[in-house]
Structures are given as structure tokens and as C-alpha cells.
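Trainee: please find the sequence and the predicted model below.
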Amino acid sequence: MTDYSDCKIATADALTLLLHNQHALGAAIEEITKWLSENDVESVAANAVGAMETLDVNSKAIADAIMQLRQC
């Protein structure tokens, strides 16, 4: 019988790294959005805010998946 716990741990670890990358991208987009707003490029800044909202929603789903994998 195959032990899937190692696979679950590896998957959770990979998802954790992806989540860290997602947070870093969100921080970078936030800085760019701030610069765009300060330089009167509001339409592009609004698009960047939309991208950050998507990152936030997906971060929650990824974090939930990580917790489920780690509890199995």
C-alpha cells in the first residue's frame, strides 16, 4: 500500500511556496498601484487593484487547501 502522507506534505510545501510568491507579487503590485495613483494614471491603477483583489481571493483558497493537506 502506498503511503500518501509524503505526497501530501510535498504538495502542501509546494503550495506554501506558491502562496509566498503570491504575497510577494501582491506587494509588488501594491507598490506599482501606489506609484500609478500618485502619477495620475488612475485607469491603470484601478486595473492593478483588481489584480490585487484576485490575488487576495486566491490566497485564501490556497491557504485553506494547505491546511486541509496538513491535517490529513
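Mentor: All right, it came through fine. Numbers count the residues shown, from 1 in each chain.
Trainee: look at residue 36 and say how many residues are nearby.
Mentor: Other residues near residue 36 number 18, with proximity taken as other CB atoms under 10 Å. No exception for glycine: its C-beta is placed from N, CA and C like everyone else's.
Trainee: quick one: the closest residue to it other than its chain neighbours from residue 53, how far?
Mentor: Closest residue to residue 36 apart from its sequence neighbours, by CB to CB, 6 or more residues apart in numbering: residue 45 at 3.9 Å. Between residue 45 and residue 53 the computed distance is 13 Å (CB to CB, to the nearest Å).
Trainee: can you pull out the helices in this structure?
Mentor: Taking DSSP state H as the criterion, the chain contains helices spanning 5-38, 42-71.
Trainee: residues in contact with residue 59?
Mentor: Residues counted as contacts of residue 59 (CB atoms under 8 Å, 6 or more residues apart in numbering) are 19, 22-23, 26.
Trainee: point out where the protein drops to low pLDDT.
Mentor: 1-2 (pLDDT under 70).
Trainee: residue 58 versus the residue nearest the centre of the chain, what's the distance?
Mentor: The chain has residue 22 as the residue nearest its centroid, 3.1 Å off, counting by CA atoms, centre = their mean. Taking CB to CB as the measure, residue 22 and residue 58 are separated by 7 Å.
Trainee: cool, and residue 16?
Mentor: The gap separating residue 16 from residue 58 is 14 Å, by CB to CB.
Trainee: repeat for residue 4
Mentor: 25 Å.
Trainee: and the two? which has more neighbours close in?
Mentor: residue 58 (14 against 10).
Trainee: out of residue 45 and residue 53, which sits in the more crowded spot?
Mentor: Each of residue 45 and residue 53 has its neighbours counted (other CB under 10 Å); residue 45 has more, 18 against 11.
Trainee: my guess is that one meets residue 37, correct?
Mentor: Yes. Shown here, residue 45 and residue 37 form a contact pair, counting by CB atoms under 8 Å, at 4.6 Å.
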